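Peer 1: Structure for this input, please:
(chains A and B)
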Amino acid sequence: DAMVIQNPRYQVTQFGKPVTLSCSQTLNHNVMYWYQQKSSQAPKLLFHYYDKDFNNEADTPDNFQSRRPNTSFCFLDIRSPGLGDAAMYLCATSRDRGAGYEQYFGPGTRLTVT
Amino acid sequence: AQKITQTQPGMFVQEKEAVTLDCTYDTSDQSYGLFWYKQPSSGEMIFLIYQGSYDEQNATEGRYSLNFQKARKSANLVISASQLGDSAMYFCAMSGYFGNEKLTFGTGTRLTIIP
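Peer 2: Numbering: from 1, shown residues only, chains lettered A, B, ... in the order given. Modelled structure (predicted):
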């Protein structure tokens, strides 16, 4: 089945230690998104790639970076995780942007910062 | 700017009953899409149903239907014959065009189905 895969499902990192979360998709979708979701809150968009074009949200901290080396893979790098970065990180894809294109989400990576 | 409002933080429903989850939205776009997602405790966001702003018929997907009232700017999700597996967080979301393509989520409704 075509799907969005995230690895690892659970990640523990130390305060200030860089961490990378991975997302891959077999849907061949143009757009890949990264969301941060804290407990009992709605997902918050960090950035997205439209093909190779990177689009950062205005309020995304510089501590968060992303790479998309090819259509299938996208990575979220947190350069110096703080305790406030503990959250669920959701990757999503869509065929195109905007109304009419649903986003397909991966299972998420739950990040713990110690 | 787009905004989604979900006024029910939590709901308890008896198994096999129908349930309506409320969603109202605000946008200045003429063309937009409305979505409902389900998020079980495992964390994955599952797409349920979509309604386009120009669709005249209410969307249906199995036990899910979307009660779209454009003049009232509401897009309520109706789940018929609820099941224990329906217990989850439900998010209403919308997206538009021309700078409003990103998905704007509501705060969610936690639905609990009681046996």
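
Peer 1: which residues does the residue in chain B that chain A sits nearest to bridge with?
Peer 2: Here chain B gets closest to chain A at one residue, B:G33, 3.4 Å apart by C-beta to the nearest C-beta. All C-beta spots, glycine's among them, are computed from the backbone N, C-alpha and C. Taking DSSP bridges as the rule, B:G33 bridges to B:G52, B:S95.

Peer 1: List the residues that contact it.
Peer 2: A:G98, A:A99, A:G100, A:Y101, B:Y50, B:Q51, B:G52, B:S53, B:M94, B:S95, B:G96 (C-beta atoms under 8 Å, 6 or more residues apart in numbering or on different chains).

Peer 1: Distance check, it against A:H48.
Peer 2: Going from B:G33 to A:H48 by C-beta to C-beta, to the nearest Å gives 16 Å.

Peer 1: State the number of residues packed around A:S39.
Peer 2: Neighbourhood size, A:S39 [other C-beta atoms under 10 Å in any protein chain shown]: 7.

Peer 1: what's the distance between it and chain B?
Peer 2: 11 Å (C-beta to the nearest C-beta, to the nearest Å).

Peer 1: Spatially nearest residue to that residue, not counting backbone neighbours?
Peer 2: Once flanking residues are discounted, A:S39 sits nearest to A:A87: 7.9 Å by C-beta to C-beta, 6 or more residues apart in numbering or on different chains.

Peer 1: In contact with the one you found, which residues?
Peer 2: Taking C-beta under 8 Å, 6+ apart as the test, what A:A87 contacts is A:Q36, A:Q37, A:K38, A:S39, A:R110, A:L111.

Peer 1: Kindly report the same for B:G106.
Peer 2: A:A42, B:I4, B:T5, B:Q6, B:C23, B:F91, B:C92, B:A93.

Peer 1: again with B:A88
Peer 2: Taking C-beta under 8 Å, 6+ apart as the test, what B:A88 contacts is B:K38, B:Q39, B:P40, B:S41, B:R110, B:L111.

Peer 1: Let's see that with 7 Å instead.
Peer 2: Applying C-beta atoms under 7 Å, 6 or more residues apart in numbering or on different chains to B:A88 gives the contacts B:K38, B:Q39, B:P40, B:L111.

Peer 1: beta partners for it?
Peer 2: B:L111.

Peer 1: the strands in chain A, which residues?
Peer 2: Assigned by DSSP state E, chain A shows strands spanning A:4-7, A:10-13, A:19-25, A:31-37, A:44-50, A:53-56, A:64-67, A:73-78, A:87-94, A:104-105, A:109-113.

Peer 1: What residues are bridge-paired with B:A75?
Peer 2: Beta-bridge partners, per DSSP bridges, of B:A75: B:F68.

Peer 1: how close does A:H29 sit to B:L66?
Peer 2: Going from A:H29 to B:L66 by C-beta to C-beta gives 23 Å.

Peer 1: From B:L66, how far out is the closest residue to chain B within chain A?
Peer 2: Per C-beta to the nearest C-beta, A:A99 is where chain A lies closest to chain B, at 3.4 Å. A:A99 is 14 Å from B:L66, where distance means C-beta to C-beta.

Peer 1: Could you report the neighbour count for the closest residue to A:L83 other than its chain neighbours?
Peer 2: In space, and not counting its chain neighbours, A:L83 is closest to A:V113: 5.3 Å by C-beta to C-beta, 6+ apart. As a burial measure, A:V113 scores 19 neighbours (other C-beta under 10 Å).

Peer 1: List the contacts of A:V113.
Peer 2: A:V113 is in contact with A:T13, A:F15, A:P81, A:G82, A:L83, A:D85, A:A86, counting by C-beta under 7 Å, 6+ apart.
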